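Novice: starting from these lines, generate the structure:
(one chain, ligands or ions: 1)
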Amino acid sequence: MDIPWWRDAVVYEIYVRSFADASGDGVGDLAGARERLTHLKELGVDAVWLTPFYTSPMADGGYDVADYRDVDPLFGSLADFDALVADAHALGLRVLVDIVPNHSSDEHPWFRAALRGEGRDRYIFRDRPNNWQSTFSGPAWTKLPDGMWYLHLFAPGQPDFNWRNPEVRAEFLDILRFWLDRGVDGFRIDVAMGLFKAEGLPDVKDQSFMSDSPVWGRPEVHGVYREWRELLDTYPGERMAVGEVWTDSPEDLALYVRPDELHQSFNFAWLQAPWSATAFRKVIDDTLATVPFATWVLSNHDVVRHVTRYEAADPGTGLSRAKAALLTMLALPGSAYLYQGEELGLPQVEDLPPEARQDPVFVQSKGELPGRDGCRVPIPWSPGGDSYGFSPGGVRPWLPQPGSFGALSVASQTGDPASTLEFYRRALACRRELIRTIPYELEWLPSDADTLVFARGPLVCAVNCGTGPVRLPPHESVLLATGPAEDGLLPPDHAVWLQRPVT
Ligand code: NOJ
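Specialist: Numbers count the residues shown, from 1 in each chain. Model (predicted):
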């Protein structure tokens, strides 16, 4: 069987607003991303995922789309997009774009028409709200001057589409075609378990992300992905789609990646697992038992950066555990998604002043929830200046960067073998060499309960989640280690890749 490119791909998430600013307005843009593609090539990833850059009033950082077929001037133009794709392809990098089908912006022409009373059936209007809450906090309903209410599972500026209306279905097929024709290699599907709501919109007791809830994971959504898959398959070049599916069950997750649906789905169970060999083993076993093509992710623009998560659980361990989790994830069968800045070991910026925070989670919760700005602070490229190289000189970025970012910048870490960045480069280079020579299947090797040891052909990965050093399994050589692996011992909070003799 020919192995599709995405099966083992390492995909790098570019949160466009915070990656690189070429225009000098303090906000990242497509031209900035294009200028920095060589960083990604040198890092050794296979593809990039661009977060939304479409026309948007930015009620939710661009996840509120007013025109699905154009670029917001904040981020550039369609010409900038085309140039970025051309350069990425020339470098051998694939490009995924974000598609936001659950809701539009309240400035989308369809919603503007709905406000005038035209075509309301494209959205979800009721004369009375139910008890659903916005994921960002507060009610999921907003009342219009004419007394009608509309549903928004996120910000009020993000009205939910009515996916039972065939016009919505047809529109999204056309939007996919638009970007496929422009040469994208695939899509990341926002809130992929959303879209349909239970008929009658019944009140709920619990609105958390669960399989088969009235709010999320309705069975009808799979028909949409079957149509999308059919469309993707009509294009050459292995175009693909990865779904953002939050669910409490691996079996539910598996439904989205049936052979005639999406190619991949994010595996958030991995990101949610605590630093524990038992927890990791369970997620790995559940995943491999249920999905044909696994994915792994530790951080993204919605969650606290994993260095900080691990550090909060056990002070002093954050960076070492983060690197060990990376080695584990890169050794597991399937594909890995990296979030910009994790290759620099960037921590969550937890002390952003309230007046700087922009996330609707912070705003809607009236400051009760910190929101997600702390993982979205612009990337430091160089050790000094007004924005550590994120914007042209003299420009302050849209979120303030902490002083610690200078020493963590790309330029500061490049060439320093002890840096996180060089560790990521080594790990990705080593994986690239190995990946096509090892089997997809994973084999558990004996270990104590606090240690994970697994093999794929000649590659052995060992991770110590315990409190004392453990003896390394038999090996011919050490390929890569997060720290000292001397005297045949692996210290706590560390991981290692070993080459074992092939029998
Ligand atoms: C998931 C996106 O990743 C997040 O940033 C956004 O706020 C919600 N979906 C709503 O679109």
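Novice: what comes up buried for stretch 163-183?
Specialist: Of the residues in stretch 163-183, 163, 168-169, 171-172, 175-176, 179-180, 183 count as buried by neighbour count, 16 or more other C-beta atoms under 10 Å. The C-beta positions use only the backbone N, C-alpha and C, and glycine is treated the same way.
Novice: M193 and G243 touch, don't they?
Specialist: Yes: between M193 and G243 there is a contact under C-beta atoms under 8 Å: 7.5 Å.
Novice: who touches both of those two?
Specialist: Shared contacts of M193 and G243 (C-beta atoms under 8 Å, 6 or more residues apart in numbering): Y256.
Novice: make CSV out of the buried residues of stretch 163-183 and add distance to the ligand.
Specialist: What follows is the buried residues of stretch 163-183, written out as CSV (distance: C-beta to the nearest ligand atom, whole Å):
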residue, distance to the ligand
W163, 15
V168, 16
R169, 19
E171, 17
F172, 15
I175, 15
L176, 17
W179, 17
L180, 22
G183, 24
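Novice: make TSV out of those residues and add distance to G334 and secondary structure.
Specialist: Conversion of the buried residues of stretch 163-183 to TSV gives the following (distance: C-beta to C-beta, whole Å; DSSP: H, G, I helix; E, B strand; the rest coil):
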residue	distance to G334	secondary structure
W163	29	coil
V168	32	helix
R169	30	helix
E171	32	helix
F172	27	helix
I175	28	helix
L176	24	helix
W179	25	helix
L180	24	helix
G183	25	coil
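Novice: tabulate those residues (JSON lines), appending pLDDT and distance to E199.
Specialist: JSON lines is the format used below for the buried residues of stretch 163-183 (pLDDT from 0 to 100; distance: C-beta to C-beta, whole Å):
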{"residue": "W163", "pLDDT": "98", "distance to E199": "12"}
{"residue": "V168", "pLDDT": "98", "distance to E199": "16"}
{"residue": "R169", "pLDDT": "98", "distance to E199": "17"}
{"residue": "E171", "pLDDT": "98", "distance to E199": "22"}
{"residue": "F172", "pLDDT": "98", "distance to E199": "21"}
{"residue": "I175", "pLDDT": "99", "distance to E199": "26"}
{"residue": "L176", "pLDDT": "98", "distance to E199": "26"}
{"residue": "W179", "pLDDT": "98", "distance to E199": "31"}
{"residue": "L180", "pLDDT": "98", "distance to E199": "32"}
{"residue": "G183", "pLDDT": "98", "distance to E199": "39"}
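Novice: quick one: name the residues of this structure near the ligand.
Specialist: Within the chain, the residues that sit near the ligand (C-beta under 6 Å from any ligand atom) are 60, 63, 100, 154, 190-191, 244, 301-302.
Novice: take the residues you listed and keep only those in strands.
Specialist: Counting by DSSP state E, no part of those is found in strands.
Novice: out of those residues, which one sits closest to the ligand?
Specialist: Y63 (3.4 Å; C-beta to the nearest ligand atom).
Novice: run a quick neighbour tally on that closest one.
Specialist: 25 (other C-beta atoms under 10 Å).
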